[in-house]
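Colleague: my questions are about this predicted structure, shown below with the sequence.
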Amino acid sequence: MNPDAKQDCECAPPQAETSPAGGADREHEETEAENPEASRMKRAAAKHLIERYYHQLTEGCGDDACANAWCASAPGFRRTDNNAAAVKALELYKANAELCDPHPSKKGTTSAYVESNALGGGAAAACGVGSGGGGGNSRMNHHRDAGNFVREDFKDVTFLTEEKVYEILGVCADKGDYSPLIRVIGRVFSSAEGLVQSFRRATPPTKEELKSLQGKDEDKDEDEKEAASSAMEEDPPASSSLSRLGDGVGGATGADAPPGPDEVSVDIEAVRRVYARLLSNEKIEAAFLNALVYLSPNVECDLTYHNVYSRDPNYLNLFVIVMENSNLHSPEYLEIALPQFCKAMSKLPLPALGKLARLWSRRGAAALRRVLETFQQLITYKVISNDFGSRNLVNDDDAVVGATRCLKIVYYANVLGGDLDTGHNEEEDDEPVPESSELALHELLGEERRNKKGPRVDPLETEVGARASDCRRPLVPFEEFVNEPLNEVLEMDKDYTFFKVETENKFSFMTCPFILNAVTKNLGLYYDNRIRMYSERRITVLYSLVQGQQLNPYLRLKVRRDHIIDDALVRLEMIAMENPADLKKQLYVEFEGEQGVDEGGVSKEFFQLVVEEIFNPDIGMFTYDENTKLFWFNPSSFENEGQYTLIGIVLGLAIYNNCILDVHFPMVVYRKLMGKRGTFRDLADSNPVLFQSLTELLQYEGSVEDDMMITFQISQTDLFGNPLMHDLRENGDKIPVTNDNRKEFVAQYSEYVLNKSVEKQFKAFRRGFHMVTNESPLKYLFRPEEIELLICGSRNLDFLALEETTEYDGGYNRDSRIIKEFWETLHSFGDDQKRLFLQFTTGTDRAPVGGLGKLKMIIAKNGPDTERLPTSHTCFNVLLLPEYSTKDKLRERLLKAITYAKGFGML
């Protein structure tokens, strides 16, 4: 290279020449190895040369006609990934290979060949001191001449701190050129190791550490060089191999020791301040975007194949820093950068996911909502921009799957950060739910029951130690986690198959039930119940063949309408005692003396009649509160535990057979079914009068003991109105309630009312419920409030939505005269009459999960004008409507039909 060409370069770094002079330089340097200063300068020069080889392999010199076979700018050069380039750079350094100078076109656009200030004189001196060759001296002199520019290019920065960012930002602002900052951001934010080391929290050293540092200072550089070289040769992490060759400016601020179980070593507030300063500049923002595109595949590789988190828990810093970027939801990120990053984040091991959830749980509702909206926006964008269907499943889209898995972290962070109550859990049943007597046949056929040990539990739920049912009030409402566009394109039958098979290469959204609405989850539960019914039916057929017994593939109940409770409960009690697995067969109800064939409608009426009888206050099994219109277990009921077990079976059968019941329990019952005990807060809806009284007791500012004169003995009334006294503590009548112990009094009062007083009744009830649902994903998919919706249906009766979804048959259509008059008549009915119409047409007066818009009703023509009343097939939600001549006649006939409807017959 001629001298003129050298003067055109940004700097003239040391050349890896093959000349004798160059060889003499290195031999002379080796003789001075005992000189610590010379040794440090030699290592700095070596590091710099390897960096130049690396950038030559990855960026090139800029000369499109370069003849160097090891330069990325040379024609025909085959590029490699960063790992291979880092290893090759070390090999080229050892072989003293040819090293290009930057082409003039590369000036001001790359940092590949600009030396750092830290290397300044040291690198040149290491190559030129005592060499006796003019080449070495000329390089050193030229480097010194270019020193002022080098200090402003920050080539030595391999990680960032808040102070360093502001320093670079200040220099760039003074010069009006932000390219150095953009290059630094691109370099650090595209390097996993650089990002992990960035923005560490400063930890002041102890006195012992200060003393030890004095003795170890001289050996530090040598140790770091050896460790870095060894790590590079053995297993260099992607996108960060080069960073191991040096620690940049003075080492990371903050200890390298692993952080605590719920802590990270990154200074999150500093990261937020830096983002706030930088993201307003469009060019700088583009650097963040491009760096994330480059970073994500390498991080995914690190987590998938190198188990990097187990070696360095600080690796989590990378995800914390990136997720603080408030622009991740912008359109530029949604196409490539964010999907790749979500895919990489989903590869984090379980302990890292739990730690990230605990960290985000402390961020507050606003910050957590921003992260939630980021992932939701990505899912929605991908769903809308693709044509998903049965041939192109949304389950196969990496971006949607990755974002959903990341959303699970946010979901559990939302639970942990909310009003959490991980205590007050119901004790497990003393006796396990009996297995089927047909279990031996299952084993014989090689068909072991999948969920013998109970319903599945999410691993992340176990890791964080909290369930959705533990959270009274989350940071962000659970409803905001539901993604409706995803629910619309999800093929639930295939998703359920993936859920049951549990293969690693097929993702099921049922493993992330928070993103599904109640309608979609109910469909998944329906598939599970139906498949279980078919399985029981098949096993019964095989069992009958083996044993030679009568074939009975259904759960048959033949009842008398006037003795429905006696007939049904006695039959169910016998089944529960002899073979509980029969409860999981499809229910088939027959009313004695009636011709109705049960395709679903007869079962609906059966459940309706059973519920009306069971919850009749005259029977005394439940008490009724006139104020709340809710039922509660009667603590002084004369019925035995078996009766409550049978009621639990009825509720379980209703869910299992997709029937809606008109039951009115307070929410605490559903929470208890999900494993939570009742507490003082549950009295708010179950017994609001008592809740208000106890609240006033807690808030009373005077002397509780002197003014109220109450003790730890409480009074309740039995069925006949007689008072019953109960001591909350031993000798409670002698223990006054004071300002100091009133919280204990309230807690024990609530515990007695909601748990201890009805413990026998509720345990029997829960046991019956679990006899039917113990193998169901019910507990996994639904929260307590959704269980209520599942059992009771929706209370909102939107008949306009029903009109929109109704179909017509037999000659009727939406524009038929009789159809228009029918809807005008129905909309004019009162609420009670509308409920009667629903009962007449569908078998229940409640809307299904999702509202009346999800009810597929059919109105079919049933002949010309006649005096006959309208009829219905409740099994299929079909209304048979004659073509009445006038609107008045239609109204009169319809009202009579729905008012006096009772029983089933053959048409």
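Modeller: Sure, I can see it. Given the structure is predicted, the values throughout are model-derived calculations rather than measurements.
Colleague: residue contacts, the residue most central in space within the chain?
Modeller: Taking C-alpha atoms, centre = their mean as the criterion, residue 408 is the residue nearest the geometric centre of the chain, at 1.2 Å. Residues in contact with residue 408 (C-beta atoms under 8 Å, 6 or more residues apart in numbering) are 353, 458, 460, 512, 514. Quick note: C-beta positions are derived from backbone N, CA and C, even for glycine.
Colleague: do that again at 7 Å, thanks
Modeller: The neighbourhood of residue 408, defined by C-beta atoms under 7 Å, 6 or more residues apart in numbering, consists of 460, 512.
Colleague: distance of it relative to residue 665?
Modeller: To residue 665, residue 408 is 30 Å away according to C-beta to C-beta, to the nearest Å.
Colleague: then residue 781?
Modeller: In terms of C-beta to C-beta, residue 781 sits 20 Å off from residue 665.
Colleague: the more surrounded of the two?
Modeller: residue 781 (25 against 20; other C-beta atoms under 10 Å).
Colleague: isn't the more buried one up against residue 513?
Modeller: Yes - at 4.6 Å, residue 781 and residue 513 qualify as touching, with contact defined as C-beta atoms under 7 Å.
Colleague: flag the shaky bits of the stretch 401-550 of the chain, pLDDT-wise.
Modeller: Residues of the stretch 401-550 of the chain meeting the criterion pLDDT under 70: 428-455, 548-550.
Colleague: just the helices in it please.
Modeller: 439-444, 459-464, 484-489, 492-501, 518-547 (DSSP state H, counting those that start in this stretch).
Colleague: which helices and strands sit right next to the second one?
Modeller: Think helix 459-464. helix 350-360, helix 398-417 (3 or more C-beta pairs under 7 Å, 6 or more residues apart in numbering; DSSP states H and E).
Colleague: how about the fourth one?
Modeller: Packing contacts for helix 492-501, counted by 3+ C-beta pairs under 7 Å, 6+ apart, involve helix 518-547.
Colleague: again with the third one
Modeller: Counting contacts by 3+ C-beta pairs under 7 Å, 6+ apart, helix 484-489 is packed against helix 365-385.
Colleague: who touches the helix it packs on?
Modeller: Residues outside helix 365-385 that contact it (C-beta under 7 Å, 6+ apart): 323, 326, 328-329, 334, 338-339, 342, 360, 394, 397, 399-400, 403-404, 406-407, 410, 413-414, 417, 475-476, 480-481, 483, 485-486, 489.
Colleague: check stretch 809-821 too.
Modeller: In this structure, residues lying in contact with stretch 809-821 by C-beta under 7 Å, 6+ apart are 808, 858, 859, 860, 861, 881, 883, 884, 887, 890.
Colleague: check stretch 692-705 too.
Modeller: Stretch 692-705 is contacted from outside by 680, 736, 737, 738, 739, 742, 743, 746, 749, using C-beta under 7 Å, 6+ apart.
Colleague: now with 10 Å?
Modeller: By C-beta atoms under 10 Å, 6 or more residues apart in numbering, the residues outside stretch 692-705 that reach it are 680, 683-684, 687, 707-708, 710-711, 736-743, 745-747, 749-750, 753.
Colleague: among the residues you listed, which ones are in helices?
Modeller: With helices taken from DSSP state H, the overlap with the contacts of stretch 692-705 comprises 683, 684, 707, 708, 742, 743, 745, 746, 747, 749, 750, 753.
Colleague: next, count neighbours for the residue lying closest to residue 807 once chain neighbours are set aside.
Modeller: Spatial nearest neighbour of residue 807, excluding adjacent residues (C-beta to C-beta, 6 or more residues apart in numbering): residue 858 at 5.0 Å. Neighbour count of residue 858, defined by other C-beta under 10 Å: 18.
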